[in-house]
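Visitor: Quick one: sequence and predicted model below, then my questions.
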Amino acid sequence: MPTGRSVLNKLASAAICAVVIGLVPIAQAEEFKRDPGRSYDLSWLPRIPGAELSSREQLDYGLARIPLKPVQNYKDSSSYAEVEGPMSLHCYHPLPQQLSPLHMLKSYRQSLEKAGYSIVYECKSEKDCGKGYGLFLTSITNTHADFNCRNTSMDAALTAKRKLRSGQQWVHIGIDGYKDKAVWQIVAQDGDAVNVVPEISPGTLSAGLASAGSVVVPGIYFDSDKAVVKAESKAALEAMAGLLRQQPGLSIYVVGHTDDSGSLEHNLLLSQQRAEAVKAALVRYGISARRLEARGVGPLAPEATNTTDEGRTRNRRVVIAARLANSP
């Protein structure tokens, strides 16, 4: 007689799922089958190489339950911490066949530790993770997630957390090694966190550079069509300066991006001026100008559509990229 696990896996292939609370501006829910880029990934918690984004959903407010120990009974409230706030769900599907659950768990653990998280709980087998995990997953959030993100058991899991300026941020990773494999990933921030800027620190920037070679720096602000860094950018500038102090051998490109409103020539100039303004601000923090190369690319490298307000907002950004030591 087929088990619940085998029946469900006949209906759905494995997936990577991500529930994010309080990390991104909330937009209308959307579903899609393929992600052409990585614009929806968290810079400090990158997807497993080779995984594809199958669906994405965002809510203004939701409830997430973060496991604190093996889940034997999904109704046992002592098994989890409840976190309420804005929420988005990502489902990555499928995963590379060659990666084992423990291999993926190690990769996530390293990314989280680099980003300043401490590991609260970890299990490394289906037995250790608890028999109630499957039913727990169906109640873990109040979303209508892609069915590919629901599975009945986990072969490895971890929970991590870090302290924010207000409250705490939790991450839970659950990995199913059956067939095509799956990862259930929850990131939750307690407190009222609608449209908050992602928490930024030298650790989150370092993790992004280590995983992808570049990282968006959230929290850099300019007035419309201006190139003067606003005072509200202090936390982001301090994080960048902290990163460069912690890694004295690191040199970076500071890259300005704009949306596609206006002429190409104007946007290229504006993005260059904004990159130079960020560079100048970092020099005032004591960073050598020789370690900083400012470049503006205008609208030439969008990470979202320019046909919506949300997309244009995401495209107006500052990115840092690691420079090789022998770069001119």
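Guide: Ah, there it is.
Visitor: For the stretch 101-250 of the chain, which segments count as strands?
Guide: Along the stretch 101-250 of the chain, counting by DSSP state E, counting those that start in this stretch, strands occupy 118-123, 156-163, 168-176, 182-189, 214-216.
Visitor: and those strands as TSV, adding mean neighbour count, distance to I200 and mean pLDDT?
Guide: C-beta coordinates here come from the backbone N, C-alpha and C atoms, glycine included. Shown next, in TSV, are the strands of the stretch 101-250 of the chain (neighbours: other Cβ atoms under 10 Å; distance: least, Cβ to Cβ, whole Å; pLDDT from 0 to 100):
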stretch	mean neighbour count	distance to I200	mean pLDDT
strand 118-123	16	18	93
strand 156-163	22	12	87
strand 168-176	25	12	82
strand 182-189	27	13	72
strand 214-216	19	10	92
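Visitor: who touches stretch 225-237?
Guide: 200, 217-223, 270, 273-274, 276-278, 281-282, 285 (Cβ atoms under 8 Å, 6 or more residues apart in numbering).
Visitor: in it, what counts as buried?
Guide: Within stretch 225-237, the residues scored as buried using 16 or more other Cβ atoms under 10 Å are A227, V229, S233, A235, A236, L237.
Visitor: Out of those residues, which two sit at the greatest distance?
Guide: Greatest spacing in the buried residues of stretch 225-237, by Cβ to Cβ: A227 and A235 (19.8 Å).
Visitor: how does this protein divide into domains?
Guide: When the chain is parsed with automatic domain parsing, its domains come out as 4-189, 202-323.
Visitor: Can you tell me which of those domains is packed in deepest?
Guide: domain 4-189 (a mean of 19; mean count of other Cβ atoms under 10 Å).
Visitor: Export the longest helix seen in the chain to CSV, keeping only CA atoms.
Guide: Among the segments of the chain that qualify as a helix by DSSP state H, the longest is helix 264-284. Backbone C-alpha positions of helix 264-284 (Å, rounded to 0.1, in the frame of the first residue of the first chain) are rendered in CSV as follows:
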residue,chain,number,x,y,z
LEU,A,264,19.2,56.9,-22.0
GLU,A,265,21.8,59.6,-21.9
HIS,A,266,20.3,61.4,-18.9
ASN,A,267,19.9,58.1,-17.0
LEU,A,268,23.4,57.0,-17.7
LEU,A,269,24.7,60.4,-16.3
LEU,A,270,22.4,60.3,-13.3
SER,A,271,23.4,56.7,-12.4
GLN,A,272,27.1,57.7,-12.7
GLN,A,273,26.6,60.7,-10.4
ARG,A,274,24.8,58.6,-7.8
ALA,A,275,27.5,56.0,-7.8
GLU,A,276,30.1,58.7,-7.4
ALA,A,277,28.1,60.2,-4.5
VAL,A,278,28.0,56.9,-2.7
LYS,A,279,31.8,56.5,-3.3
ALA,A,280,32.4,60.0,-1.8
ALA,A,281,30.3,59.1,1.2
LEU,A,282,32.3,56.0,1.8
VAL,A,283,35.5,58.0,1.6
ARG,A,284,34.1,60.2,4.3
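Visitor: Need the residues that contact it.
Guide: Contacts for helix 264-284 (Cβ under 8 Å, 6+ apart): 220, 222, 225, 227-229, 233, 237, 240-241, 244, 254-261, 289, 292-300, 318.
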